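K.L.:
Got a predicted structure here, sequence first:
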Amino acid sequence: MAPKPIEDIDFPAISDEILEFLLVVWTFVSDFCLALWSCVTEAFWAAWTYRPFETFRNELAAALIALMDYVVAHPLTSTAIVILLFVVVPGVLNALKICFLHCLGFRRRGVLRGSYAANYQSTSFRGNVRRGSTFAQFQSQRAGGGGRYHVVGGTGSPSWH
(Lines give C-alpha, C1' and ligand atoms only; values in the text may rest on other atoms or scores of the structure.)
Protein backbone atom coordinates (compact mmCIF):
# COMPACT_ATOMS: atom_id res chain seq x y z
CA MET A 1 0.00 0.00 0.00
CA ALA A 2 1.45 3.30 -1.08
CA PRO A 3 1.53 6.17 1.41
CA LYS A 4 -0.92 9.02 0.96
CA PRO A 5 0.35 12.10 -0.78
CA ILE A 6 0.93 14.95 1.63
CA GLU A 7 -1.90 16.95 0.09
CA ASP A 8 -4.42 14.24 1.11
CA ILE A 9 -3.48 14.21 4.83
CA ASP A 10 -5.94 15.96 7.15
CA PHE A 11 -3.52 17.67 9.55
CA PRO A 12 -6.14 19.32 11.80
CA ALA A 13 -7.71 15.91 12.48
CA ILE A 14 -4.30 14.42 13.28
CA SER A 15 -3.39 17.27 15.61
CA ASP A 16 -6.73 16.88 17.42
CA GLU A 17 -6.05 13.17 17.89
CA ILE A 18 -2.56 13.91 19.19
CA LEU A 19 -3.85 16.55 21.60
CA GLU A 20 -6.52 14.14 22.85
CA PHE A 21 -3.88 11.44 23.36
CA LEU A 22 -1.59 13.88 25.21
CA LEU A 23 -4.51 14.93 27.43
CA VAL A 24 -5.17 11.29 28.33
CA VAL A 25 -1.48 10.72 29.07
CA TRP A 26 -1.27 13.94 31.13
CA THR A 27 -4.37 12.98 33.12
CA PHE A 28 -2.93 9.54 33.84
CA VAL A 29 0.47 10.90 34.88
CA SER A 30 -0.99 13.62 37.10
CA ASP A 31 -3.41 11.16 38.76
CA PHE A 32 -0.55 8.73 39.32
CA CYS A 33 1.67 11.44 40.83
CA LEU A 34 -1.15 12.60 43.12
CA ALA A 35 -1.77 9.04 44.29
CA LEU A 36 1.94 8.48 44.86
CA TRP A 37 2.25 11.76 46.77
CA SER A 38 -0.75 10.83 48.90
CA CYS A 39 0.79 7.45 49.74
CA VAL A 40 4.18 8.98 50.57
CA THR A 41 2.73 11.67 52.82
CA GLU A 42 0.46 9.18 54.58
CA ALA A 43 3.39 6.82 55.15
CA PHE A 44 5.60 9.65 56.42
CA TRP A 45 2.90 10.95 58.74
CA ALA A 46 2.17 7.42 60.00
CA ALA A 47 5.88 6.89 60.74
CA TRP A 48 6.31 10.32 62.29
CA THR A 49 3.31 9.96 64.59
CA TYR A 50 4.06 6.34 65.44
CA ARG A 51 3.97 6.12 69.23
CA PRO A 52 7.46 4.60 69.77
CA PHE A 53 8.94 7.62 67.93
CA GLU A 54 7.42 10.05 70.41
CA THR A 55 10.59 10.10 72.51
CA PHE A 56 12.67 10.76 69.40
CA ARG A 57 10.40 13.64 68.35
CA ASN A 58 10.56 15.17 71.83
CA GLU A 59 14.37 14.82 71.99
CA LEU A 60 14.75 16.32 68.51
CA ALA A 61 12.56 19.29 69.46
CA ALA A 62 14.54 19.79 72.69
CA ALA A 63 17.85 19.63 70.81
CA LEU A 64 16.68 22.19 68.23
CA ILE A 65 15.48 24.53 70.97
CA ALA A 66 18.81 24.15 72.81
CA LEU A 67 20.67 24.84 69.55
CA MET A 68 18.62 27.97 68.95
CA ASP A 69 19.26 29.15 72.52
CA TYR A 70 23.02 28.58 72.07
CA VAL A 71 23.09 30.52 68.78
CA VAL A 72 21.26 33.45 70.39
CA ALA A 73 23.55 33.42 73.43
CA HIS A 74 26.83 32.96 71.47
CA PRO A 75 26.53 34.56 68.01
CA LEU A 76 30.28 34.87 67.35
CA THR A 77 31.04 31.28 68.30
CA SER A 78 28.09 30.10 66.20
CA THR A 79 29.38 32.07 63.22
CA ALA A 80 32.85 30.58 63.69
CA ILE A 81 31.38 27.07 63.77
CA VAL A 82 29.42 27.69 60.56
CA ILE A 83 32.54 29.07 58.84
CA LEU A 84 34.51 26.05 60.05
CA LEU A 85 31.90 23.61 58.72
CA PHE A 86 31.34 25.25 55.35
CA VAL A 87 34.76 26.72 54.50
CA VAL A 88 37.57 24.98 56.37
CA VAL A 89 36.26 21.41 56.32
CA PRO A 90 35.74 21.34 52.51
CA GLY A 91 39.28 22.66 52.05
CA VAL A 92 40.68 19.96 54.33
CA LEU A 93 38.65 17.29 52.52
CA ASN A 94 39.97 18.55 49.19
CA ALA A 95 43.54 18.38 50.51
CA LEU A 96 42.92 14.81 51.68
CA LYS A 97 41.55 13.94 48.23
CA ILE A 98 44.72 15.30 46.63
CA CYS A 99 46.88 13.29 49.05
CA PHE A 100 44.87 10.15 48.26
CA LEU A 101 45.26 10.68 44.50
CA HIS A 102 48.99 11.33 45.00
CA CYS A 103 49.33 8.04 46.90
CA LEU A 104 47.58 6.20 44.07
CA GLY A 105 50.13 7.58 41.61
CA PHE A 106 48.37 10.57 40.04
CA ARG A 107 50.82 13.44 39.69
CA ARG A 108 50.60 16.95 38.28
CA ARG A 109 52.35 15.86 35.07
CA GLY A 110 50.53 12.54 34.67
CA VAL A 111 50.46 9.06 36.09
CA LEU A 112 53.60 7.89 37.93
CA ARG A 113 55.30 4.91 36.28
CA GLY A 114 54.96 1.71 38.33
CA SER A 115 52.20 3.09 40.56
CA TYR A 116 48.80 1.58 41.25
CA ALA A 117 47.25 4.10 38.84
CA ALA A 118 49.68 3.14 36.06
CA ASN A 119 49.00 -0.56 36.60
CA TYR A 120 45.24 0.05 36.55
CA GLN A 121 45.51 2.20 33.43
CA SER A 122 47.51 -0.41 31.53
CA THR A 123 45.38 -3.39 32.56
CA SER A 124 41.90 -1.85 32.50
CA PHE A 125 42.17 0.62 29.64
CA ARG A 126 45.15 -0.77 27.72
CA GLY A 127 46.50 2.78 27.73
CA ASN A 128 43.37 4.38 26.23
CA VAL A 129 41.44 6.18 28.97
CA ARG A 130 37.83 6.97 28.09
CA ARG A 131 36.80 10.61 28.33
CA GLY A 132 34.66 11.25 31.40
CA SER A 133 35.66 8.03 33.16
CA THR A 134 36.52 8.08 36.85
CA PHE A 135 40.16 7.54 35.96
CA ALA A 136 40.09 10.54 33.62
CA GLN A 137 38.44 12.63 36.34
CA PHE A 138 41.16 11.64 38.80
CA GLN A 139 43.87 12.53 36.29
CA SER A 140 42.28 15.89 35.62
CA GLN A 141 41.73 16.68 39.29
CA ARG A 142 45.30 15.89 40.27
CA ALA A 143 46.69 17.89 37.37
CA GLY A 144 44.59 20.87 38.49
CA GLY A 145 42.69 20.82 35.22
CA GLY A 146 39.09 20.65 34.13
CA GLY A 147 37.85 17.70 36.13
CA ARG A 148 34.36 17.71 37.56
CA TYR A 149 35.80 19.03 40.83
CA HIS A 150 38.34 21.78 40.33
CA VAL A 151 41.44 22.49 42.35
CA VAL A 152 42.48 26.14 42.40
CA GLY A 153 46.21 26.51 41.87
CA GLY A 154 46.90 23.06 43.33
CA THR A 155 46.71 24.47 46.86
CA GLY A 156 44.01 22.09 48.05
CA SER A 157 41.47 24.86 48.40
CA PRO A 158 38.09 24.24 46.76
CA SER A 159 37.01 26.26 43.75
CA TRP A 160 33.97 28.44 44.31
CA HIS A 161 33.40 29.39 40.66
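P.N.:
Ah, there it is.

K.L.:
Mind listing what's buried along the helix or strand containing residue 60?
P.N.:
Taking DSSP states H and E as the definition, residue 60 sits inside helix 54-73. Going by neighbour count (16 or more other C-beta atoms under 10 Å), nothing in helix 54-73 comes out as buried. Placement of C-beta: from N, CA and C, glycine included.

K.L.:
Report the distance from it to the chain centre.
P.N.:
The chain centroid and the centroid of helix 54-73 are separated by 29 Å under C-alpha atoms, centre = their mean, to the nearest Å.

K.L.:
what helix or strand does residue 98 sit in?
P.N.:
Using DSSP H and E, the element containing residue 98 is helix 89-104.

K.L.:
other SSEs contacting that helix?
P.N.:
Secondary-structure packing of helix 89-104 (3 or more C-beta pairs under 8 Å, 6 or more residues apart in numbering; DSSP states H and E): helix 134-142.

K.L.:
so how far is the helix it packs on from its chain's centroid?
P.N.:
With C-alpha atoms, centre = their mean, you get 18 Å for helix 134-142.

K.L.:
and if you look at stretch 78-87?
P.N.:
The answer for stretch 78-87 is 23 Å, by C-alpha atoms, centre = their mean.

K.L.:
so for that stretch, what's the average pLDDT?
P.N.:
When pLDDT is averaged along stretch 78-87, the result is 87.

K.L.:
Following the helix holding residue 98 in sequence, what is the next regular element?
P.N.:
Moving toward the C-terminus from helix 89-104, the next element (DSSP H and E) is strand 106-107.
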